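**Q** quick one, what's the 3D model for this:
(one chain, ligands or ions: 1)
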Amino acid sequence: MMEVAAGHDERDVVLRADSLSKRFGGLLAVQNVSFTQYAGEILAVIGPNGAGKTTLLNLLSGVYRPTSGRLWLLGRDVTSDAMEARCHAGLGRAFQIVRPFPEMTVHENVTVGALFGKHGTRLPEAREQAYELLERTGLAAHADKAAHELTLLQDKRLEVARALATRPQVLLLDEVMAGLRPAEAQEAVALVRSVRESGVSVLFIEHLMPVVRDLSDRVVVMDQGQVIASGTYREVTANPQVVSAYLGTETELHA
Ligand SMILES: Nc1ncnc2c1ncn2[C@@H]1O[C@H](COP(=O)(O)OP(=O)(O)OP(=O)(O)O)[C@@H](O)[C@H]1O
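**A** Residues are numbered from 1 along each chain as shown. Reported below is the predicted structural model:
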């Protein structure tokens, strides 16, 4: 077992990656990545283009099996579990590419998430939960609209609502702020904070540094498949190795 950080208890660990690697042919897209996420934490994964962030998220959610390494979710080894099993075990994911069922209503889309997330949820119960989630995510007024009628920000809210409908303890967010205007991104930041306040730990990938600064408790920085730094936003953005990894990229490191 890996170490537990000062001030934390082993029982607080929600997600633990131990030396995860993923090889695509000759390329090690993710190489020996280890990190621990504690309950209630908002953890950001950042890094320049091609650093391996999306591949890591796909390893966490079960889209890919790792070439080597192990993953624990809430104390349980889920390394060889499929996506659906991880979802039932408490892992939810909202996708970068927003993919609701476009012809179904907003409410129906969230109901599907509620039915999928937990064995034995009956339709009336799922429908009720879906209404509650639409309230929480600010979509109640749009419940009966077809999903394709939503704006981009509303789509992102729907994606978060659908992921929450599976009742996760850890929520994975893949660049949910992409394409939002700054004011909208602030609204999305508030939504993610409220998700955490409801007791869900959040792990997110993000390119927008102001969002990382405002939202994260801790940041894991990847470059060329490896973790090169981790710590608070202030710590990692002052780290010379991180600064040099971002040099010459389009991302402004200091938000
Ligand atoms: N399915 C795949 N097959 C082969 N190579 C892949 C595959 N997926 C990703 N890669 C490669 O793995 C490396 C890491 O890619 P990944 O998309 O994980 O990085 P990223 O940090 O998410 O990048 P970005 O910020 O641009 O989305 C890249 O070199 C990419 O080309």
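**Q** excluding chain neighbours, what is closest to N58?
**A** Y64 (4.7 Å; CB to CB, 6 or more residues apart in numbering). C-beta here means a position set from N, CA and C on the backbone, and glycine is covered the same way.
**Q** list the contacts of the one you found.
**A** Each residue near Y64 by CB atoms under 8 Å, 6 or more residues apart in numbering is listed here: K22, T55, N58.
**Q** for the ligand, tell me which of those show up nearby.
**A** Residues of the contacts of Y64 in contact with the ligand (CB under 6 Å from any ligand atom): T55.
**Q** now the contacts of Y64 in CSV, with pLDDT and secondary structure?
**A** Conversion of the contacts of Y64 to CSV gives the following (pLDDT from 0 to 100; DSSP: H, G, I helix; E, B strand; the rest coil):
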residue, pLDDT, secondary structure
K22, 98, strand
T55, 97, helix
N58, 95, helix
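**Q** the ligand: which of the contacts of Y64 is nearest?
**A** Among the contacts of Y64, T55 lies closest to the ligand (CB to the nearest ligand atom), at 3.4 Å.
**Q** for that closest one, give its distance to L20.
**A** Going from T55 to L20 by CB to CB, to the nearest Å gives 10 Å.
**Q** who touches both of the two?
**A** Common neighbours of T55 and L20, using CB under 8 Å, 6+ apart, are V30.
**Q** K22 versus the residue nearest to M83 when sequence neighbours are not counted, what's the distance?
**A** Excluding the flanking residues, the one nearest M83 by CB to CB, 6+ apart is G62, at 3.9 Å. Distance, G62 to K22, using CB to CB: 12 Å.
**Q** over to Q31?
**A** Distance of Q31 to K22, computed by CB to CB: 8 Å.
**Q** name the residues contacting each of those two.
**A** Common neighbours of Q31 and K22, using CB under 8 Å, 6+ apart, are G52.
**Q** how close does the residue sitting nearest the centre point of the chain sit to I42?
**A** For the chain, the residue nearest the mean C-alpha position is L172 (1.8 Å; CA atoms, centre = their mean). Distance from L172 to I42, counting by CB to CB: 12 Å.
**Q** any shared contact partners between the two?
**A** Counting by CB under 8 Å, 6+ apart, the common neighbours of L172 and I42 are V202, L203, F204.
**Q** with secondary structure added, can I get those residues in a markdown table?
**A** Below are those laid out as a markdown table (DSSP: H, G, I helix; E, B strand; the rest coil):
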| residue | secondary structure |
| --- | --- |
| V202 | strand |
| L203 | strand |
| F204 | strand |
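**Q** ok, so of the residues you listed, who is nearest the ligand?
**A** F204 (12.5 Å).
**Q** now the residue lying closest to the closest one once chain neighbours are set aside, what are its backbone angles?
**A** In this structure, F204 finds its nearest non-sequential neighbour in L173, 3.9 Å apart by CB to CB, 6+ apart. Here the main-chain torsion angles of L173 (degrees, to the nearest 10) amount to phi -120, psi 130.
**Q** L173 contacts V200, correct?
**A** No: at 10.8 Å, L173 does not count as touching V200 under the criterion of CB atoms under 8 Å.
**Q** and the two? which has more neighbours close in?
**A** Using other CB atoms under 10 Å, the more surrounded residue of L173 and V200 is L173, with 27 against 22.
**Q** so the more buried one versus A146, what's the distance?
**A** Taken as CB to CB, the span from L173 to A146 is 24 Å.
**Q** what's the answer for G199, then?
**A** With CB to CB as the criterion, G199 and A146 are 32 Å apart.
**Q** again, but for L27
**A** From L27 to A146 the distance is 41 Å (CB to CB).
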